[in-house]
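Peer 1: Quick one, structure for this:
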Amino acid sequence: MFRLLAAAALAAVLATGAPAAVADEISVETATGPVTVPHAPEKIAVFDIGILDTLDAIGVAPDGVVNRIYVTYLDDIAEQAEPVGTLFEPDVEALHAMQPDLIIVGPRTSTKVAMLQKIAPTIDMSIWGDNYLEQTTGRLSAFGRIFDRQEKADALRSELETLVAETREVVDGKGTALIIMTNGPKISAYGKNSRFGWLHSDLGIPPAKEDIEDSRHGEVVSFEYVHEINPDWLIVIDRAAAIGQDGEHAKQTLENALISNTSAWKNDHVIYLDPAKAYVAMGGVQATTDLVKSIRDAFAQ
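Peer 2: Next comes the predicted model:
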């Protein structure tokens with residue numbers, strides 16, 4: 001009788017504990033497919049500025065972030081966290097001392113996932129290739145589920161999707177655009193298949209040139225190249241300003257006879273995107289929302 005009672009008690013304990021154990025983990029979609037992660041982790045380290053942006057938007061403050069974040073609107077959240085290395089070189093000792101429940105990385109740290117998994121559960125939430133906005137809102141929803149911030153994540157997703165629909169209406173029939181990045185005195189062009197191609201595909205802005213080389217750093221071009229293409233709009237990203245480099249910035253670089261003779265320049269159709277949000281915080285829901293607003297407002301004028 002005692003053995004039967006003990007067995008029954010043990011079974012009851014196990015049955016009671018099982019649901020809690022299941023609830024402690026959740027499966028989410030990542031850059032490498034579905035991954036099981038801790039649910040509502042208390043201590044996290046983040047190796048991506050876009051991810052930091054999205055977590056801040058849903059009210060999650062990481063315990064560890066990279067040494068330099070480049071974007072001033074996230075300074076407060078970064079100052080309250082411990083430094084855990086750079087985007088390219090995580091500080092292993094700092095992470096071991098922190099003992100995070102979850103490590104989240106983006107594209108610049110994605111090659112370090114195997115190493116980081118030896119310290120704590122690690123997920124790669126990089127955004128690459130096509131369907132930028134779909135991936136951005138997908139990551140937002142995943143973080144909402146991980147951190148029990150689904151209601152806030154849903155509201156942000158709805159706001160962005162509405163804004164994109166408005167922008168597509170505003171840009172319709174307003175002409176072609178060429179996306180260029182300045183880096184001091186040098187310029188590169190980005191096409192519809194590039195990391196900034198979502199400005200064409202997701203917002204409906206026709207590219208001024210179809211066959212731009214698909215390269216992470218863009219196709220190196222000249223001022224003559226831009227003059228010959230003669231886009232209706234120029235969308236400009238200043239890399240030097242984005243990473244805090246001194247020297248010639250975008251407006252200085254583009255103030256020359258060839259660029260000033262394009263339709264975009266003559267009609268005051270030059271859009272200077274916030275460099276840090278476009279280049280550093282890419283994929284962050286706050287950064288993406290602000291970039292889309294900039295495009296919408298410029299085309300609406």
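Peer 1: Strands of this protein, start to end?
Peer 2: 25-30, 33-38, 44-47, 64-65, 82-83, 102-105, 122-124, 177-183, 186-190, 219-221, 233-238, 270-272 (DSSP state E).
Peer 1: what's the most buried one of these?
Peer 2: strand 44-47 (a mean of 29; mean count of other CB atoms under 10 Å). (C-beta placed from N, C-alpha, C; glycine too.)
Peer 1: and that one, which strands flank it?
Peer 2: Counting by DSSP bridges, the strands paired with strand 44-47 are strand 64-65 (parallel), strand 102-105 (parallel).
Peer 1: contacting residues around that strand?
Peer 2: With CB atoms under 8 Å, 6 or more residues apart in numbering as the test, strand 44-47 has contacts from 52, 55, 60, 62-66, 84-85, 87, 90, 95, 98, 100-106, 108-109, 112, 120.
Peer 1: could you dump the strands of the chain to JSON lines with distance to Gly144 and mean pLDDT?
Peer 2: Putting these into JSON lines (distance: least, CB to CB, whole Å; pLDDT from 0 to 100) gives the following:
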{"stretch": "strand 25-30", "distance to Gly144": "10", "mean pLDDT": "95"}
{"stretch": "strand 33-38", "distance to Gly144": "13", "mean pLDDT": "96"}
{"stretch": "strand 44-47", "distance to Gly144": "15", "mean pLDDT": "98"}
{"stretch": "strand 64-65", "distance to Gly144": "20", "mean pLDDT": "98"}
{"stretch": "strand 82-83", "distance to Gly144": "25", "mean pLDDT": "97"}
{"stretch": "strand 102-105", "distance to Gly144": "14", "mean pLDDT": "98"}
{"stretch": "strand 122-124", "distance to Gly144": "15", "mean pLDDT": "98"}
{"stretch": "strand 177-183", "distance to Gly144": "30", "mean pLDDT": "96"}
{"stretch": "strand 186-190", "distance to Gly144": "30", "mean pLDDT": "96"}
{"stretch": "strand 219-221", "distance to Gly144": "37", "mean pLDDT": "94"}
{"stretch": "strand 233-238", "distance to Gly144": "29", "mean pLDDT": "98"}
{"stretch": "strand 270-272", "distance to Gly144": "31", "mean pLDDT": "97"}
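Peer 1: where does the closest residue to Arg68 other than its chain neighbours land on pLDDT?
Peer 2: Among residues not flanking Arg68 along the chain, Thr86 sits closest, at 7.2 Å (CB to CB, 6 or more residues apart in numbering). You'll see Thr86 listed with a pLDDT of 96.
Peer 1: Now do the same for Ala20: its pLDDT.
Peer 2: Value for Ala20, per-residue pLDDT: 36.
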